[in-house]
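[1] Sharing a model that was predicted from the sequence below.
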Amino acid sequence: MLDQEPGGWTNLFPTKKSLLIFILYIFLSINHGLLVKISQNTGTGSYNYNVISAVLLTELCKLVISLILFWKDNPLKNIIDQIKENKIMLFLYMIPALLYCFYNNLAFVNLSIFDPTTYFILLQLRVILIGVIYQCLFKKRLSKIQWFSLLLLTFGCIVKELKIDEASELRSFSIINGILLMSAQIFCSCLAGVYNEYLLKNGHGSEVNVYVQNIFMYADSMLCNFILWLSVSHQTDSNPMQLDILTNFWAMSIVINSAIYGIVTSLLLCCLNSIMKVFATAIELILIALLSWIILGYQVTLQTIVGVCIVSGSVIIYAKHPVTKTDEKSKESSIKYSNNV
């Protein structure tokens, strides 16, 4: 039971709802990686649909969902007044929206380079950066045991990647190019995710309706992706929008999964925090390795097993010393969007 051990599981999951959201977040994240990999053309790793169009359509779905949720409790015409009153927030959200625009598109690129297990493990290297940003922005120092668990998690990631088969995993990309692309994605994820948390907890954002904030984020994200779409259209002879994406089963599955994933992520960060979000992804490693083997046929090597065991150990250590929220007002106002799909 979640309520039996003070300072233990109740710090990690204050309610059964938070545990359910945590599990759903992991499921949707894993599902995204598998769907993207399945949607690739066999042998080439390319896509027969436009990636930017898929991301743009996902943002549109999230915007529609947020408008419906806002409409449920408020007259829809009030959104105009909310925009006028909080136009500064609309501009502030442009920063994380731009970062998530790069993150979401880089996810497709990196999943065409790496197998799902390798991709998820390399993504865990963001742990140290998130720890530093979280500590600086929220002025909440991590203890030695917390830093140890973060370092142990990072070490587990490194163990898995001591050796990479360039021919099969990186194809025409060099190791340096692959690592640079992953580093760029990690930077965007860390900075945008914690920036959102800081924006909502430490300023005017805590007083703005959560659905309005989501609308701001998704609208800004659509604008950023549309600008990216326009820039690509000037560099290619073909129409980059590729409206036939609407008839592509796997592409639409990714769009729907990603839209729900974005909403669930905002709920996760309401119940927990950015650090716990990272460790949710760490747990995914165990499942993604097994599912990649079962569904996609990727081999589970000894390195993978050792790396996953180390990462799991770090999660257990962290579970005994979680970063908890002490400010009740902050807890109530912390729901927000983190679009790291």
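    Yep, it's here.
[2] In contact with the nearest residue to N74 once chain neighbours are set aside, which residues?
    In space, N74 comes closest to N209 once its chain neighbours are excluded; the distance is 7.7 Å by CB to CB, 6 or more residues apart in numbering. Every C-beta, even on glycine, is put in place using the N, C-alpha and C of the backbone. Listed by CB atoms under 8 Å, 6 or more residues apart in numbering, the contact set of N209 reads 70, 74, 82.
[3] residues in contact with the last one?
    With contacts taken as CB under 8 Å, 6+ apart, Q82 has the following neighbours: 208-209, 212.
[4] one more time with 10 Å, if that's ok
    70, 74, 89-90, 208-209, 211-213, 215-216 (CB atoms under 10 Å, 6 or more residues apart in numbering).
[5] Can you show me the helices along the stretch 1-150 of the chain?
    9-12, 16-38, 51-73, 78-85, 87-92, 94-113, 116-123, 126-138, 144-160 (DSSP state H, counting those that start in this stretch).
[6] Give me the distance between the residue nearest to N74 and S112.
    38 Å (CB to CB, to the nearest Å).
[7] How about K17?
    From K17 to S112 the distance is 36 Å (CB to CB).
[8] Y103 now?
    Taking CB to CB, one finds Y103 at 15 Å from S112.
[9] how about the contacts of N209 in TSV, adding distance to N257 and pLDDT?
    Output for those, formatted as TSV (distance: CB to CB, whole Å; pLDDT from 0 to 100):
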residue	distance to N257	pLDDT
F70	23	85
N74	28	82
Q82	29	83
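[10] Please convert these to a markdown table, extending it with distance to L268.
    Shown next, in a markdown table, are those (distance: CB to CB, whole Å):
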| residue | distance to L268 |
| --- | --- |
| F70 | 20 |
| N74 | 24 |
| Q82 | 24 |
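[11] Nearest to M222 among the residues you listed?
    F70 (16.4 Å; CB to CB).
[12] Apart from its chain neighbours, what residue comes closest to the closest one?
    F70 sits nearest to Y211 (CB to CB, 6+ apart), 3.9 Å away.
[13] so that neighbour sits right up against D73, yeah?
    Yes: Y211 is within contact range of D73, at 8.1 Å (criterion: CB atoms under 10 Å).
[14] Of these two, which one has the most company?
    Each of Y211 and D73 has its neighbours counted (other CB atoms under 10 Å); Y211 has more, 22 against 9.
[15] Measure how buried D220 is and give me the count.
    For D220, using other CB under 10 Å, the count is 22.
[16] Same question for N225.
    So N225, with other CB under 10 Å, has 26 neighbours.
[17] try I23
    Neighbours of I23 (other CB under 10 Å): 13.
[18] Next up, the contacts around it.
    Here I23 is in contact with 13, 280, 283 (CB under 10 Å, 6+ apart).
[19] ranking these by neighbours, who comes first?
    F13 (21 neighbours).
[20] List phi and psi for the residue nearest to L122 when sequence neighbours are not counted.
    Nearest non-adjacent residue to L122, counting by CB to CB, 6+ apart: M182, 4.9 Å away. Recorded main-chain torsions at M182 are phi -70, psi -40, according to degrees, to the nearest 10.
[21] what's around M182, how many residues?
    Neighbour number of M182 under other CB under 10 Å is 21.
[22] just checking, it touches Y103?
    No: the criterion here is CB under 10 Å, and M182 misses it with Y103 at 11.2 Å.
[23] coming back round to it: residues contacting the residue nearest to F70?
    Here Y211 is in contact with 65-74, 79, 82, 266, 335 (criterion: CB under 10 Å, 6+ apart).
[24] so what's it scoring on pLDDT?
    Predicted confidence (pLDDT) for Y211: 80.
[25] Likewise for D81?
    Reported pLDDT for D81: 84.
[26] number of nearby residues for it?
    11.
[27] residues touching it, list them.
    Contacts of D81 (CB under 10 Å, 6+ apart): 74-75.
[28] May I see the contacts of I23 organised as JSON lines, with pLDDT added?
    Below are those laid out as JSON lines (pLDDT from 0 to 100):
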{"residue": "F13", "pLDDT": "70"}
{"residue": "A280", "pLDDT": "74"}
{"residue": "I283", "pLDDT": "75"}
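[29] In strands only, show me those residues.
    Taking DSSP state E, every one of the contacts of I23 sits outside strands.
[30] can you tell me which of the helices of the stretch 1-150 of the chain the model trusts least?
    helix 9-12 (a mean of 61).
[31] Report the separation between L76 and Y211.
    11 Å.
[32] Need the overlap of contacts for the two.
    Common neighbours of L76 and Y211 (CB under 10 Å, 6+ apart) are 67-68, 70.
[33] Three-state assignment for V311, please.
    helix (DSSP: H, G, I helix; E, B strand; the rest coil).
[34] quick revisit: can you redo the helices of the stretch 1-150 of the chain as JSON lines with distance to T301?
    Shown next, in JSON lines, are those (distance: least, CB to CB, whole Å):
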{"stretch": "helix 9-12", "distance to T301": "31"}
{"stretch": "helix 16-38", "distance to T301": "18"}
{"stretch": "helix 51-73", "distance to T301": "29"}
{"stretch": "helix 78-85", "distance to T301": "52"}
{"stretch": "helix 87-92", "distance to T301": "45"}
{"stretch": "helix 94-113", "distance to T301": "18"}
{"stretch": "helix 116-123", "distance to T301": "9"}
{"stretch": "helix 126-138", "distance to T301": "22"}
{"stretch": "helix 144-160", "distance to T301": "9"}
